[in-house]
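Enquirer: Whatever this is, show me its structure:
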Amino acid sequence: MKDLEHLLREHPFASGLPSAALSLLVGCASNVQYEPGEYLFRTGEPADRFFILRHGEVAVEVYAAGRGRITIETAGEGDVLGWSWLVPPHRWLFDGRAITLTRAIALDGACLRAKCEANHDLGYELLKRVTHVMAERLTSARLQVLDLYGDGSGDVV
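Expert: Here you go, the predicted structure:
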């Protein structure tokens, strides 16, 4: 059985992290598993964790009155979920629901924030990586909006 440090080292999010930084992350990490239909997080609840997905799929959803749950993205193996642990007031903005059996490394948000405050090099490294994920998600959202509301020309109508 692989230990958390080994699992983190193998994940694309932690690729190239210095050993000292990786060791600090392991101190905030736990191995978690979710069954299909089980929620990893819910809108409005405290955003106290950050997920590094190792296996499975998670639907990132929003509830719309009259339409119910709408999946805005599906995350899978190799993806990371949740930057709300980093941004006050540390509340989830979406729901995250396992579609299939999902295994992940959950990083405790309060633990990470404390370690980032104490070690600014770690904080900067994590911020660069989380910002990269945020930029990818915003690009994906933009493309979805263009596809949904566009006229095929690339312009929103």
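Enquirer: quick one, helices of this protein?
Expert: For the chain, the helices defined by DSSP state H cover 4-10, 19-26, 109-118, 120-149.
Enquirer: any chance of the ones you listed in JSON lines, plus mean pLDDT?
Expert: Below are the helices of the chain laid out as JSON lines (pLDDT from 0 to 100):
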{"stretch": "helix 4-10", "mean pLDDT": "91"}
{"stretch": "helix 19-26", "mean pLDDT": "91"}
{"stretch": "helix 109-118", "mean pLDDT": "94"}
{"stretch": "helix 120-149", "mean pLDDT": "76"}
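Enquirer: Tell me which of those helices lies nearest to residue 59.
Expert: Minimum separation from residue 59 across those (Cβ to Cβ) falls at helix 120-149, 14.1 Å. Backbone N, C-alpha and C define where each C-beta goes, glycine included.
Enquirer: and that closest one, which residues are buried?
Expert: Under the neighbour-count criterion of 16 or more other Cβ atoms under 10 Å, helix 120-149 has 122, 123, 125, 126, 129, 130, 137 buried.
Enquirer: okay, the angle between that helix and helix 109-118?
Expert: On the basis of axes from the mean of the first three to the mean of the last three Cα atoms, to 10 degrees, helix 120-149 is oriented at 130 degrees to helix 109-118.
Enquirer: who's the spatially most central residue of the chain bridged to?
Expert: Centroid-nearest residue in the chain, with Cα atoms, centre = their mean: residue 81, separated by 1.1 Å. On the basis of DSSP bridges, residue 81 takes part in beta bridges with residue 51.
Enquirer: Residue 15: neighbour count?
Expert: Residue neighbour count, defined by other Cβ atoms under 10 Å, stands at 10 for residue 15.
Enquirer: brain fart, residue 13
Expert: With neighbours defined by other Cβ under 10 Å, the count for residue 13 comes to 20.
Enquirer: In this structure it contacts residue 81, no?
Expert: No: counting by Cβ atoms under 8 Å, no contact exists between residue 13 and residue 81, whose distance comes to 10.5 Å.
Enquirer: Overlap of the contact sets of these two?
Expert: Listed as contacting both residue 13 and residue 81 by Cβ atoms under 8 Å, 6 or more residues apart in numbering is no residue at all.
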